[in-house]
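> Sequence first, then the predicted structure:
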Amino acid sequence: MRKIYVFDTTLRDGEQSPGVNLNTREKVEIAHQLERLGIDRMEAGFPAASPGDLAAVNAVAKAVKNVTVIGLSRSREQDIDAVKEALKGAQDPCIHVFLATSPIHRQHKLRMDKGQVLDTARSAIRYAKKTFSKIEFSLEDAGRTEYDFLVEMVNMAVEEGASVVNIPDTVGYLSPYEYGNIFKHLKENVHNIDKVQLSAHCHNDLGMATANTLAAILNGADQIEGTINGIGERAGNTAIEEIAMALETRQEFFQAKTTLQLSEIARTSRLVSRLTGMVVPGNKAIVGANAFAHESGIHQDGMLKEKTTYEIMTPETIGLKESKLVLGKHSGRHAFRERLIDLGYELDEEALNRAFAQFKDLADKKKEVTDEDLLAVIEEKLQDAPEVYKLESIFVTYGDESVPTAKVRIATLDGETVEKQAEGNGSVDAIYNAIDQVSGEEVTLSDYSIKSVTHGKDALGEVHVVLTQNQVSVQGRGVSTDILGASARAYVDGLNQLIEKRKTYTNRVNVNL
Ligand SMILES: CC(=O)SCCNC(=O)CCNC(=O)[C@H](O)C(C)(C)COP(=O)(O)OP(=O)(O)OC[C@H]1O[C@@H](n2cnc3c(N)ncnc32)[C@H](O)[C@@H]1OP(=O)(O)O
Ligand SMILES: CC(C)C(=O)C(=O)O
Ligand SMILES: [Mg+2]
């Protein structure tokens, strides 16, 4: 199994993400976590960019051990001197010198011809060699460079004693076949190529950074460069966690692995996201919130039966507790039942089906049904008296210049559906008047209270009412994401309780007679 060296550039290319600006303390905190993650090489910054950058690189260089600490430099002596200053105190320093090689960069940015690029790079490597035993040389925009010039530049870097030669697809232009083919070509055409490690450095402009990096590994790359969460210039760099887990999960195919502490991935991702302010998208591979979350019923059923039906890696591998079965509108009975059991409820089939129907109603209205929601639903169902009346729908019109009016549709025990409309002093009053018209019951609303039983904007509201009739009082309870809905449900529940209580009382009187 071939070892793939991991060169993390979160603190340099990652920090070049627009809007990201890490201070020294934050860089050192991330550096320590990268050390725990077990990366081999850490590019700490670009010392020539500013005195602050130089100081930050120096702080990182002094803070971490057992990691090669790297500073980036243009092919200019002043930049190389800045890296030399910044890496003072580093246990294992390395300089990363780069120069663009593509026709576009040569002509429009550097205004150099091939010979001048070659000579400038050679001089820079020779100058760096005076100070550093470890030198990485990058051919910026190698992805759009002519193959013969790539070979010429890499030959030069090998001759001049570079330790690593990096082949950036700087603008994320290539496909996996093309990028992998560059490594194949260099391996076949550069003299003494085995004297250096070849490195892959990809950007994600066309969404192919991870695939391109893996293609490079299949074609002989010894090192991969990337960032945590894939942050970086424009659409970002290769996400290190994706490479690490691809090699881990598909060892039999890649025959290569990193030596990262995979269980540190989740923690590292959270730290980098927090300190850079770069939010990780829910669907981000490996570290996104949904990466180990399953909502659809068929997936949840499969997961409950055998996790490998829908998971090719375990959340524990990257340091997460366990997969999440997210209960929502796509969930099925199996997951619903399992969650209730986790919550301490084992309902019989009929009660489960009733509760499941209630859950589905709720799930249609909420993004995710939380455990608190479930408890609210279950406890309401468990309290239910037999449903003489079942609320099917309410329709309320309210305006501060109109009389509140409510229309209710209620199913009765004899299978009828009754629809009534009424006005009121307010929306709830109008709803209750309409329900009274359906039931014909004369009850007094002795108490009414509202509380939120879950959190967030789509939180569940819970209404409790106390209904009184002939000195008998009962409590009705209703739960819904809409407070008017909860109010109507509570009133109907109270009516059912009242009728149940009256029936029980009557039966008892009959028995006692
Ligand atoms: C692909 C990458 O990610 S490369 C790394 C990108 N990171 C950064 O740019 C870090 C922040 N950058 C900076 O702070 C500044 O650009 C500095 C300090 C590096 C240079 O600033 P300035 O001296 O003002 O130059 P400026 O940024 O305007 O232009 C860059 C200059 O460097 C030259 N240059 C660019 N790359 C290289 C290189 N690898 N080697 C030598 N010269 C280079 C350009 O040709 C240009 O020179 P010119 O002004 O003679 O035309
Ligand atoms: C500086 C170089 C290595 C780079 O980041 C790129 O070319 O993308
Ligand atoms: Mg880059």
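Received, thanks. Numbers count the residues shown, from 1 in each chain. Ligands and ions are numbered 1, 2, ... in the order given.

> Give the buried residues for stretch 169-181.
169-174, 176, 179-181 (16 or more other CB atoms under 10 Å). Glycine gets a C-beta too; all of them are placed from N, C-alpha and C.

> In three-state terms, label Asp458 for me.
Following DSSP: H, G, I helix; E, B strand; the rest coil, we place Asp458 in the coil state.

> need the contact list for the closest residue to it other than its chain neighbours.
Counting by CB to CB, 6 or more residues apart in numbering, Lys366 is the residue found nearest to Asp458 once chain neighbours are left out, at 5.1 Å. Neighbouring residues of Lys366 by CB atoms under 8 Å, 6 or more residues apart in numbering: 328, 373, 458, 460, 481.

> same question, Glu26
Glu26 touches Leu275, counting by CB under 8 Å, 6+ apart.

> from here on, count from 428
Renumbered: residue one is now 428, and that last one reads Glu453.

> Tell me the helices and strands packed up against whichever helix or strand Glu675 is part of.
Element membership for Glu675, per DSSP states H and E: helix 667-676. In terms of contacts (3 or more CB pairs under 8 Å, 6 or more residues apart in numbering; DSSP states H and E), helix 667-676 is packed against strand 432-435, helix 636-645, strand 650-653, strand 683-684, helix 692-703.

> Setting aside sequence neighbours, what's the nearest residue to Val487?
Once flanking residues are discounted, Val487 sits nearest to Ala471: 4.0 Å by CB to CB, 6+ apart.

> surely Lys684 meets Ile431?
Yes. Lys684 is in contact with Ile431 according to CB atoms under 8 Å; the separation is 6.7 Å.

> Common neighbours of these two, please.
Each of Leu674 lies in contact with both Lys684 and Ile431 under the rule CB under 8 Å, 6+ apart.

> that older thread, looking at the residue nearest to Asp885 now. What's its pLDDT?
The model reports Lys793 with a pLDDT of 78.

> Next: His618.
His618 is given a pLDDT of 97.

> In contact with it: list those residues for me.
Here His618 is in contact with 582, 585 (criterion: CB under 8 Å, 6+ apart).

> hang on, the earlier thing: deepest-packed of the helices and strands packed on helix 667-676, please.
Mean neighbour count (mean count of other CB atoms under 10 Å) peaks for strand 650-653 among the helices and strands packed on helix 667-676, with a mean of 28.

> Adjacent strands (with direction) for it?
strand 432-435 (parallel), strand 624-629 (parallel) (DSSP bridges).

> To ligand 2, which of those lies closest?
strand 624-629 (5.2 Å; CB to the nearest ligand atom).

> count of neighbours near the closest residue to Arg760 other than its chain neighbours?
Of all residues not flanking Arg760 in the chain, Phe783 sits nearest, at 5.8 Å (CB to CB, 6+ apart). Per other CB atoms under 10 Å, the neighbour tally for Phe783 reads 20.

> mind listing what's buried in the helix or strand hosting Phe783?
Assigned by DSSP H and E, Phe783 belongs to helix 776-792. For helix 776-792, a neighbour-count test (16+ other CB under 10 Å) marks 778-779, 781-783, 785-786, 789-790 as buried.

> next one: stretch 495-507
For stretch 495-507, using 16+ other CB under 10 Å, the buried residues are 495-503, 506-507.

> Any idea how far apart the tips of it sit?
17 Å (CA to CA, to the nearest Å).

> what sits up against that stretch?
Contacts for stretch 495-507 (CB under 8 Å, 6+ apart): 434, 439, 467-475, 484, 487-488, 509-510, 513-514, 517-526, 547-548, 550-551, 554-555, 558, 561, 563.

> Provide the partner residues of whatever residue of the stretch 478-627 of the chain ends up closest to ligand 1 in its beta bridges.
When distances are taken as CB to the nearest ligand atom, the stretch 478-627 of the chain reaches nearest to ligand 1 at Arg501, 3.2 Å away. Per DSSP bridges, residues listed as beta-bridge partners of Arg501: Phe525.

> Which pLDDT value belongs to it?
Per-residue pLDDT puts Arg501 at 98.

> Report the separation between it and Ile466.
24 Å (CB to CB, to the nearest Å).

> What of Ser502?
In terms of CB to CB, Ser502 sits 26 Å off from Ile466.

> Nearest to ligand 2: which residue in the stretch 778-927 of the chain?
Lys794 (38.0 Å).

> What residue, apart from its backbone neighbours, is nearest that residue spatially?
Asp885 (6.4 Å).

> per-residue pLDDT, that neighbour?
The predicted local confidence for Asp885 is 70.

> so who does it touch?
792-794, 908.

> can you rerun that using 7 Å?
Counting by CB atoms under 7 Å, 6 or more residues apart in numbering, Asp885 makes contact with 793-794, 908.

> residue boundaries of the strands in the stretch 428-577 of the chain?
Using DSSP state E, counting those that start in this stretch, the strands of the stretch 428-577 of the chain run over 429-430, 432-435, 468-472, 495-501, 520-527, 562-567.

> next one: the stretch 678-827 of the chain
Listed in chain order, the strands of the stretch 678-827 of the chain (DSSP E, counting those that start in this stretch) span 683-684, 720-721, 751-752, 816-826.

> Partner strands of the second one, with direction?
Paired neighbours of strand 720-721 in the sheet (DSSP bridges): strand 751-752 (parallel).

> mind showing which ranges of the stretch 428-577 of the chain have poor pLDDT?
The stretch 428-577 of the chain contains no residues with pLDDT under 70.
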